[in-house]
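A.B. asks: Dropping a prediction and its sequence here:
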There are 2 protein chains.
Amino acid sequence: MFSKACEYGIKATIYIAVKSMRQERVSLKEIAEEVDSPVAFTAKILQSLAKNGIIDSHKGPTGGFQIEESKIDTIKLHDIVHAIDGDKIFSGCGLGLEQCDARQPCPVHDKFVGIRDNLKIMLQNTSLYELATGLEIGLTHLKR
Amino acid sequence: MFSKACEYGIKATIYIAVKSMRQERVSLKEIAEEVDSPVAFTAKILQSLAKNGIIDSHKGPTGGFQIEESKIDTIKLHDIVHAIDGDKIFSGCGLGLEQCDARQPCPVHDKFVGIRDNLKIMLQNTSLYELATGLEIGLTHLKR
DNA sequence: ATTATTTAGGATAAATTTGTCCGAAATAAG
DNA sequence: CTTATTTCGGACAAATTTATCCTAAATAAT
């Protein structure tokens, strides 16, 4: 469903959010450990999240990543996925046709659009705040 | 959403079904042309569809692929996808965790399960017959 | 200023998916 | 039986995704 990059990106962002709610900055190393993801690859993903304005990064000692607290309930799962995978998940024909729309649909067009709309709505409706809170109160987990 | 292999496989199966409803066998070459897919790669996919009992194959002159007519409305999109991609689309955690279920869920578990159930139900409910008929009466198309 | 620490970013490598090539096996027809 | 045609299946190649490595740049602290 999601790419590995996206999986790592989502987990990392949730972890950063939890720490940011406590006014703490976290290092790449800590994130990768807590989220069980390859360090260097995670670095790339965090880079693109930073470029897309989802997270903030700071170099040097005491540096690391954090998220503006006011943003945490504004940011949606959709924004994270979009920052990493672009909109290729949300657009394009289910069978890979170049020309496929309601007028000239592929055989699975309608059914596919239905599923994808569900996905999009879900992603747009779930906030980072909600995900981070669930983790903090021990309702959910990020490792294993 | 689907792998390329799956996209080609679905298109090919629908095309074979249309021809089979007219008691015609089709060659790999014709399928690849009509479905706009790479010939040799399509051959591999058809092989695995044949091994999984979705389609029948015959070697030699006048050979080719076909589908038992009685099967056409029994076969569901789900069967095609499963024959090609296995059940990796239907199982596993949305964030790649090894241990993730209702008791120890990842942060997106519930939402993810919801979407995936939709997908599964859709795939189990749409028959090859329905897809082939739509194509035959010109309601849908497979190229471009 | 110097040093230690941390992210940025480019180059490279490994793994997976996608795609090609070609000889072998089956089989229909002359 | 021979030949032409078609799928089978293994080896190989290209492209993409995943992952690593290393140097540079920034920056906090001494």
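C.D. replies: It's in. Predicted, not measured: the structure shown is a model, and the values here were computed from it. Numbering: from 1, shown residues only, chains lettered A, B, ... in the order given.
A.B. asks: Only C-alpha atoms from now on, for both contacts and neighbour counts.
C.D. replies: OK.
A.B. asks: what's the closest non-adjacent residue to the spatially most central residue of chain A?
C.D. replies: Closest residue to the average C-alpha location of chain A: residue A:80 at 3.1 Å, with Cα atoms, centre = their mean. Nearest residue to residue A:80, sequence neighbours excluded (Cα to Cα, 6 or more residues apart in numbering or on different chains): residue A:10, at 6.6 Å.
A.B. asks: Does that neighbour lie in a helix or a strand, and which?
C.D. replies: helix A:4-20 (DSSP states H and E).
A.B. asks: Which elements pack onto the helix or strand just after that helix?
C.D. replies: Next in sequence after helix A:4-20, counting helices and strands by DSSP H and E, comes helix A:28-35. Helix A:28-35 sits against helix A:4-20, helix A:39-51, with contacts defined as 3 or more Cα pairs under 8 Å, 6 or more residues apart in numbering or on different chains; DSSP states H and E.
A.B. asks: Tabulate those helices (JSON lines), appending mean neighbour count, distance to residue B:93 and mean pLDDT.
C.D. replies: Formatted as JSON lines, the helices and strands packed on helix A:28-35 follow (neighbours: other Cα atoms under 10 Å in any protein chain shown; distance: least, Cα to Cα, whole Å; pLDDT from 0 to 100):
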{"stretch": "helix A:4-20", "mean neighbour count": "23", "distance to residue B:93": "10", "mean pLDDT": "98"}
{"stretch": "helix A:39-51", "mean neighbour count": "17", "distance to residue B:93": "19", "mean pLDDT": "98"}
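A.B. asks: For residue A:73, which of these is the nearest?
C.D. replies: With Cα to Cα, the closest approach to residue A:73 among the helices and strands packed on helix A:28-35 belongs to helix A:4-20: 9.8 Å.
A.B. asks: Please see if that closest one touches DNA strand C.
C.D. replies: No. Helix A:4-20 stays clear of DNA strand C (Cα under 7 Å from any atom of the strand), getting no nearer than 10.8 Å.
A.B. asks: For that helix, output the C-alpha coordinates as CSV.
C.D. replies: C-alpha atoms of helix A:4-20 as CSV (Å, rounded to 0.1, in the frame of the first residue of the first chain):
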residue,chain,number,x,y,z
LYS,A,4,8.8,1.6,2.7
ALA,A,5,9.9,5.3,2.6
CYS,A,6,6.3,6.3,3.5
GLU,A,7,6.1,3.8,6.3
TYR,A,8,9.3,5.0,7.9
GLY,A,9,8.3,8.6,7.3
ILE,A,10,4.9,8.2,9.0
LYS,A,11,6.4,6.4,12.0
ALA,A,12,9.2,9.0,12.3
THR,A,13,6.8,11.9,12.1
ILE,A,14,4.5,10.5,14.8
TYR,A,15,7.5,9.9,17.1
ILE,A,16,8.8,13.5,16.5
ALA,A,17,5.3,14.8,17.2
VAL,A,18,5.1,13.0,20.6
LYS,A,19,8.5,14.5,21.6
SER,A,20,7.6,17.9,20.3
